[in-house]
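Asks: My questions are about this predicted structure, shown below with the sequence.
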Amino acid sequence: MQLIKAKDYHDLCHKAAELILRKVKGQKKLTLGLATGGTPQGVYRILVEEARQNGTTYQHVTTFNLDEYVGLPPDHPQSYHTYMNKKLFDFIDIPPQNVHIPDGMAENLEEECRRYEQMIDQSGGIDLQLLGIGINGHIGFNEPGTSFHSFTHVVKLEESTRIANSRFFSSLEEVPAFAVTMGIASIMKSKEILLLAVGKRKAEVLQRLIYGEVTEELPASVLKMHQHVTIIADEEALSSLSVRC
Ligand SMILES: O=P(O)(O)OC[C@H]1O[C@](O)(CO)[C@@H](O)[C@@H]1O
């Protein structure tokens, strides 16, 4: 794993956007895995601004989002469909048919999970997967205890995750209890992975990730077994480590 130290959130977003843009501009065909949550918002803002200024095209880009809440329609203000449209897709020229987000309203969720996993494979696999990290070490919505062999599946969200994400809803009760998420094995199939960690509240989990063992109790620890992982973290997230980057 390569660890890149960023001064602050602003610096982290620029470093991450630079890495993504190098792929967008350098590859004729590109499949990106995208994340939601608070962390990547600044990265998407930079991509939008860069496309506006330079006319950068995303016609050749396909995307797969990590996850979606079960039971929220795509146009719900807190669905990840809405998040992605409002933060990124509405402002770049990516063809709508190239955008993939799990359907949390599917009647048959098991079937939806199979379909999603197949589509990732049919696209030729993810070239670069963007990840955040939960305070409990989750990646996507893969909570502690999730099998490293899991593919896209339905997950019951941990209370700590619902509480953390309730900041985006009017109340905790409104946060869905279930989600569809790419599995750990789905994420590990990606050719390259970029994990972002920001702020003091990620310091402890980042310390466990860097120094701890590989265990299903800390889903992100699986990344140590991947050949091509970059972590970009700001000084606060790195404050529990004694590393030179
Ligand atoms: O970036 P945040 O808001 O700290 O969230 C961290 C992680 O938690 C999630 O929002 C899910 O709870 C992920 O999508 C994200 O990677």
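Replies: That came through, no problem.
Asks: center of the protein, which residue is that?
Replies: residue 35 (2.5 Å; CA atoms, centre = their mean).
Asks: so it makes contact with residue 132?
Replies: Yes - with contact taken as CB atoms under 8 Å, residue 35 and residue 132 are classed as touching, separated by 5.1 Å. The C-beta positions use only the backbone N, C-alpha and C, and glycine is treated the same way.
Asks: need the longest helix for this structure.
Replies: helix 9-26 (DSSP state H).
Asks: Is the helix or strand following that one positioned near the ligand?
Replies: Beyond helix 9-26 on the C-terminal side, the first helix or strand identified by DSSP states H and E is strand 30-34. No - Strand 30-34 stays clear of the ligand (CB under 6 Å from any ligand atom), getting no nearer than 9.9 Å.
Asks: One more: stretch 233-242?
Replies: No - with CB under 6 Å from any ligand atom as the measure, stretch 233-242 is seen stopping short of the ligand, the closest distance being 10.2 Å.
Asks: Run the chain-centre distance for that stretch.
Replies: Centroid displacement of stretch 233-242 relative to its chain, using CA atoms, centre = their mean, to the nearest Å, is 20 Å.
Asks: Please point out which parts of that stretch sit buried.
Replies: Applying a neighbour-count criterion of 16 or more other CB atoms under 10 Å, the buried positions in stretch 233-242 are 233-241.
Asks: Tell me the one among those nearest to the ligand.
Replies: Checking those against the ligand by CB to the nearest ligand atom gives residue 237 as the nearest, at 10.2 Å.
Asks: and the closest one, what is it in contact with?
Replies: Contact partners of residue 237, counting by CB atoms under 8 Å, 6 or more residues apart in numbering, are 197-200, 202-203, 206.
Asks: buried ones in the helix or strand of the chain with the lowest mean pLDDT?
Replies: Per-element confidence for the chain was summarised using mean pLDDT, DSSP states H and E. The lowest value among helices and strands belongs to helix 159-165, with a mean of 93. Of the residues in helix 159-165, those scored as buried under the neighbour-count criterion (16+ other CB under 10 Å) are 161-162, 164-165.
Asks: Tell me the residues of this structure that contact the ligand?
Replies: Within the chain, the residues that sit near the ligand (CB under 6 Å from any ligand atom) are 35-39, 132-134, 141, 161, 165.
Asks: my read: residue 79 touches residue 70, true?
Replies: No - taking contact to mean CB under 8 Å, the distance of 10.5 Å between residue 79 and residue 70 leaves them out of contact.
Asks: For this protein, give me the ranges with low pLDDT.
Replies: Using pLDDT under 70 as the threshold, the predicted model of the chain has low-confidence ranges 243-245.
Asks: Let's verify the nearest residue to residue 239 once chain neighbours are set aside: helix, strand, or coil?
Replies: Distances taken as CB to CB, 6 or more residues apart in numbering place residue 203 nearest to residue 239, at 4.9 Å, with adjacent residues excluded. Look at residue 203: counting by DSSP: H, G, I helix; E, B strand; the rest coil, its state is helix.
Asks: Understood, closing this out.
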